[in-house]
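only geometry, no sequence info:
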């Protein structure tokens with residue numbers, strides 16, 4: 001989906017690609033093609049199973065739970081080790097001052113690379129759970145498994161996380177329900193939380209978007225879709241592309257100053 005003109009796009013669209021798509025949007029089709037029917041997005045219900053299939057499902061569920069336990073136990077152990085060895089068991093330093101820690105910064109620089117095949121997100125989750133485990137003594141928080149603790153991290157404030165843990169525990173919310181609860185809590189508080197932007201993250205987002213939209217196959221499909229659309233659709237696409245092009249020029253001008 002193309003970004004709206006009222007909100008900055010997550011990445012730059014190179015000027016040449018934008019111009020090419022704007023020109024393509026202006027080409028009217030010589031023959032109107034029938035649009036494909038819109039498919040509804042349906043959450044699949046469980047399918048009926050015979051006896052043998054139910055046994056396979058039961059074994060799959062057992063193995064999935066074993067896998068979850070192993071992964072979560074390893075993540076928690078790693079987080080506790082980081083807290084003690086990298087941050088001298090100082091939860092405050094791990095939460096607020098970690099970006100000044102040279103070892104932590106080295107880990108972030110290597111994250112996702114050949115010498116550290118854990119993502120930045122996994123490092124973040126590991127150290128945050130470990131630090132909050134030390135600071136939040138409420139029984140409801142302590143009884144939550146790491147998966148649901150991770151879902152409460154966006155709340156940020158430990159008092160809010162404590163209250164959320166009590167609610168999640170009392171209502172026996174699943175991970176899916178917990179995610180919805182946190183999203184609703186953030187929306188009600190008007191807190192539009194976004195990931196902290198770093199130069200590395202900005203470059204990664206820009207590169208990811210550019211590499212996708214400048215691929216020949218993607219451009220051909222985009223041109224075809226625009227040509228097959230009606231006048232209103234092509235005009236809407238033109239406006240979005242021109243807004244994107246203008247945003248890119250503005251940002252480049254600001255970077256040049």
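Yep, that arrived. Predicted model, so just to flag it, every value in this text is computed and none were measured.

in the stretch 101-250 of the chain, which spans are strands?
Secondary structure of the stretch 101-250 of the chain (DSSP state E, counting those that start in this stretch): no strands present.

just for it, where's the confidence low?
The stretch 101-250 of the chain contains residues with pLDDT under 70 at 191-197.

how about a cut-off of 90?
Scanning the stretch 101-250 of the chain for pLDDT under 90 picks out 156-157, 185-250.

quick one: the helices in it?
102-110, 120-135, 139-143, 146-152, 158-171, 175-188, 199-213, 216-228, 231-256 (DSSP state H, counting those that start in this stretch).

nearest to residue 71 among those helices would be which one?
helix 146-152 (8.8 Å; C-beta to C-beta). (Each C-beta comes from the backbone N, C-alpha and C, glycine too.)

my read: residue 154 touches residue 185, true?
No - with contact defined as C-beta atoms under 8 Å, residue 154 does not reach residue 185; the gap is 9.1 Å.

I'd assumed residue 154 was in contact with residue 186.
Yes - using C-beta under 8 Å, residue 186 is in contact with residue 154, at 6.5 Å.

can you point out the buried residues in the helix or strand containing residue 57?
Assigned by DSSP states H and E, residue 57 belongs to helix 51-81. Buried residues in helix 51-81, counting neighbours by 16 or more other C-beta atoms under 10 Å, are found at 72, 75, 76, 78, 79, 80.

also stretch 148-158?
Result for stretch 148-158 [16+ other C-beta under 10 Å]: buried residues 148, 149, 150, 151, 152, 154, 155.

next: stretch 234-248.
Buried, per 16+ other C-beta under 10 Å, within stretch 234-248: 234, 237, 238, 240, 241, 242, 243, 244, 245, 247, 248.

and the fourth one, how far from residue 138?
So that's residue 240. Between residue 240 and residue 138 the computed distance is 47 Å (C-beta to C-beta, to the nearest Å).

next, the angle helix 120-135 makes with the helix holding residue 57.
70 degrees (axes from the mean of the first three to the mean of the last three C-alpha atoms, to 10 degrees).

residues in contact with the helix or strand following helix 51-81?
Once the chain leaves helix 51-81, the next helix or strand it forms, by DSSP H and E, is helix 91-96. Helix 91-96 has contacts (C-beta atoms under 8 Å, 6 or more residues apart in numbering) with 82, 83, 86, 87, 101, 127, 128, 130, 131, 132, 134, 135.

the residues you listed, buried ones only, as a PyMOL selection?
The PyMOL selection below is limited to those of those classed as buried (16+ other C-beta under 10 Å):
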select buried, resi 82+83+86+87+101+127+128+130+131+132+134
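
which of the contacts of helix 91-96 sits closest to residue 220?
residue 128 (43.6 Å).

the closest one contacts residue 153, correct?
Yes - with contact defined as C-beta under 8 Å, residue 128 counts as touching residue 153 (5.4 Å).

what's in contact with stretch 52-63?
Under C-beta under 8 Å, 6+ apart, the answer for stretch 52-63 is residue 49.

gap between it and the chain center?
Centroid separation for stretch 52-63 versus its chain: 31 Å, with C-alpha atoms, centre = their mean, to the nearest Å.

tabulate the helices of the stretch 101-250 of the chain in JSON lines, adding columns for distance to residue 57.
JSON lines is the format used below for these (distance: least, C-beta to C-beta, whole Å):
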{"stretch": "helix 102-110", "distance to residue 57": "39"}
{"stretch": "helix 120-135", "distance to residue 57": "29"}
{"stretch": "helix 139-143", "distance to residue 57": "28"}
{"stretch": "helix 146-152", "distance to residue 57": "21"}
{"stretch": "helix 158-171", "distance to residue 57": "27"}
{"stretch": "helix 175-188", "distance to residue 57": "19"}
{"stretch": "helix 199-213", "distance to residue 57": "37"}
{"stretch": "helix 216-228", "distance to residue 57": "38"}
{"stretch": "helix 231-256", "distance to residue 57": "44"}
